[in-house]
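>>> Just to be clear, the model below is a prediction. Sequence and coordinates:
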Amino acid sequence: MWVYLVAIVAMIGMMYFTSRGQKKQQQERQNLLNAMKPGDSAITAGGLHGVVSEIDTEKGTVILDCEGIYLEFERNSIRSVTPNVAVDAAEETVIEETISEEDTTEE
């Protein structure tokens with residue numbers, strides 16, 4: 001009798017911890033979709049890469065810009081999102097060389 005009770009408690013414990021992990025993953029995914037904004041890079045479940053152009057929360061769709069082709073997807077079909085990081089203007093390093101008269105006479 002005690003063996004059955006221990007087995008049942010162990011099964012309930014495993015189900016609890018498994019469902020807890022799934023809820024955490026679902027919450028992270030929902031946060032990812034809620035944080036998505038135009039300009040972010042996105043990858044669909046089918047592997048298509050694009051840039052988020054528009055988000056329609058009423059219809060639950062996202063329009064991706066795939067190199068000039070605009071495609072509409074369900075929000076749930078977005079697998080991953082990479083936030084658009086604003087890049088400051090790159091600093092240009094100029095290297096100045098002085099050419100002496102000896103270098104020009106060798107040619």
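Yep, it's here. Numbering: from 1, shown residues only.
>>> In terms of secondary structure, what does the helix or strand that contains V62 contact?
V62 belongs to strand 61-66 when assigned by DSSP states H and E. Here strand 61-66 touches strand 41-44, strand 49-56, strand 69-74, going by 3 or more C-beta pairs under 8 Å, 6 or more residues apart in numbering; DSSP states H and E. C-beta: built from backbone N, CA, C; applies to glycine.
>>> 10 Å - rerun?
strand 41-44, strand 49-56, strand 69-74, strand 78-82 (3 or more C-beta pairs under 10 Å, 6 or more residues apart in numbering; DSSP states H and E).
>>> who touches R79 in this structure?
By C-beta atoms under 10 Å, 6 or more residues apart in numbering, R79 lies in contact with 29, 32, 42-48.
>>> pLDDT added to these, as CSV?
CSV is the format used below for those (pLDDT from 0 to 100):
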residue, pLDDT
R29, 88
L32, 88
A42, 92
I43, 92
T44, 92
A45, 91
G46, 90
G47, 91
L48, 92
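>>> Drop anything exposed from those.
42, 44 (16 or more other C-beta atoms under 10 Å).
>>> What are the buried residues along the top helix by length along the chain?
Longest helix in the chain by number of residues (criterion: DSSP state H): helix 2-35. Buried residues in helix 2-35, counted by 16+ other C-beta under 10 Å: L33.
>>> sorry, back to before: could you look over the helices and strands packed on strand 61-66 and pick the most buried one?
strand 41-44 (a mean of 18; mean count of other C-beta atoms under 10 Å).
>>> What number of residues are in the vicinity of D40?
18 (other C-beta atoms under 10 Å).
>>> For it, give me its contacts.
50-52, 55, 62, 78, 81-85.
>>> so where's the protein uncertain?
Counting by pLDDT under 70, the chain contains low-confidence ranges at 85-95, 97-98, 100-107.
>>> Okay, domains of it per the record?
Using automatic domain parsing, the domain parsing of the chain gives 1-35, 37-85.
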